[in-house]
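J.: got a predicted model here, sequence first, then my questions.
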Amino acid sequence: MKKIYMYSFMAAMFAAAVTGCGNNNNAETSVSSGIKTKTAIVSEEKDTAAAQQLSNIEEVTYTERELEQTADTSEAKSISVSDDTTIDITEEGIYTISGTAENCTVRVEADENAKVQLVLDGVSITNDDFPAIYVVSADKVFITTTDSENTLTVSGQFTSDGETNTDAVIYSKDDLVLNGTGTLNVTSYYGNGITSKDDMKITGGTYNVKSALDAFEANDSISVSDGTFDISTNKDGFHCENDETEGTITISGGTFSINGKSDGIQACALLQIDGGTFDITASEGLEATYVLINDGDINIYATDDGINASANTTAYETAIEINGGYITVEVGQGDTDAIDANGSIYVNGGTINVTAQMSSFDYDKTAEFNGGTIIINGEEVSEIPQSMMGGGMHGGIDGDMGGNMNGFGGGRGGRF
């Protein structure tokens, strides 16, 4: 490929996002079973003292820029994609991307402190075997859609970049922020849809993703505050884990339609849902070591377990905790559990409506029903049963959803 080098001489962007949030009237704090979660809008100024004070709190912070859905493009550099081209971005700045091309990659390799914003403005890229957007280095990369339709596709098997297995249509080695007012269509015939090998945040936009492997994948964390998602995948809709058996997913809003052959949403460590609307069809709907549901309208149809707490790390208790929301779980025939914990289950509030032919609840340690409403097969109950509540037929997993997906991560999938 020929190379085009793009440079921007704009003033530096805001300072890096912080891990602490100090005093802020917009902060919302919830405390549950020793897990404290703070979601806040913070300034771009680092507050070291606040960070130290909050060092014992699990938190998700969004900077003002991350939550801003429209980029200031008054001084942006305009880029038109073209066939058989690698577009190298090496400087911090805002870049507007448009046009139609085949075998074109927008490659970001900037300073470790650089913030780069790619504004997708009616762009369409179809590649044979390499990411459409490839982030080699930066502090943080924003991918922001204008009020437009944008389509990124990789149709073949991915090729590596040296030792880097670049197996996603959008592949980033550093922090990735997705937002905007438009639509991003991502199709990955043999790999992942969107991958960050660090943290991923999504604060807005519409995403239609079809993938052979995970639709959205990150190593350390995935945080979603808003957005509309239509996902069809041969593996997981959202997946987060790393080599240290860590990885958290926190969702506070958004609308999700997920059809997955493995898991709808899976985190190695903590999966926390504070809001949003979910319609999930998968082998397993929600899975993590600790599944914490504080709010949300969640509808799950699963051919294995609807909600599963599986011991994948010692950083958290293996448990499911439900404090609010409206949760509907239906599981298919066979050895299936609607709500299954390889540890404990705590129900403190919300409404849980279960349809299960074999087992509505299954747990290895304890179950506490402290508040809320539980309905099993149309009948309200006053305690959490232990397994086999549903009764009924034995059968195999629905063939349409793939083979055995019981282990963490399930199968690796194939072309969808």
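T.: Right, received. Where do you want to start?
J.: quick one: the strands in the stretch 51-200 of the chain?
T.: Applying DSSP state E, counting those that start in this stretch to the stretch 51-200 of the chain gives strands spanning 58-63, 77-80, 85-89, 93-102, 104-109, 115-127, 133-137, 140-145, 149-154, 168-172, 175-180, 183-188, 192-196, 199-202.
J.: could you identify which of these has the lowest mean pLDDT?
T.: Of all these, the minimum mean pLDDT falls on strand 58-63 (a mean of 82).
J.: tell me the contacts of T126?
T.: By Cβ atoms under 8 Å, 6 or more residues apart in numbering, the contact set of T126 is 101-103, 151, 153-155. Every C-beta, even on glycine, is put in place using the N, C-alpha and C of the backbone.
J.: identify the bridge partners of it.
T.: Taking DSSP bridges as the rule, T126 bridges to E102, T153.
J.: I222 too?
T.: Beta-bridge partners for I222, by DSSP bridges, are M200, I249.
J.: then T63?
T.: Partner residues in beta bridges with T63, using DSSP bridges, are V42.
J.: next, count neighbours for it.
T.: Residues near T63, counting by other Cβ atoms under 10 Å, number 22.
J.: what's the answer for E75, then?
T.: Count around E75 with other Cβ under 10 Å applied: 11.
J.: tell me the pLDDT of it.
T.: 95.
J.: hmm, it is touching Y95, no?
T.: No - taking Cβ atoms under 8 Å as the definition, E75 is not a contact partner of Y95, at 10.9 Å.
J.: how about the residue lying closest to T164 once chain neighbours are set aside, what does it touch?
T.: In this structure, T164 finds its nearest non-sequential neighbour in K173, 7.5 Å apart by Cβ to Cβ, 6 or more residues apart in numbering. K173 makes contacts with 135-137, 164, 197-198, as judged by Cβ under 8 Å, 6+ apart.
J.: from those, list the buried ones, please.
T.: Neighbour counting with 16 or more other Cβ atoms under 10 Å marks 135-137, 197-198 as buried within these.
J.: can I get those residues in a markdown table with distance to G324?
T.: Formatted as a markdown table, these follow (distance: Cβ to Cβ, whole Å):
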| residue | distance to G324 |
| --- | --- |
| V135 | 37 |
| V136 | 42 |
| S137 | 41 |
| K197 | 33 |
| D198 | 31 |
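J.: let me know the closest of those to T281.
T.: Among these, K197 lies closest to T281 (Cβ to Cβ), at 28.5 Å.
J.: and the buried ones among the contacts of K173, which two are furthest apart?
T.: Between any two of the buried ones among the contacts of K173, the greatest separation by Cβ to Cβ is 12.6 Å, found for V136 and D198.
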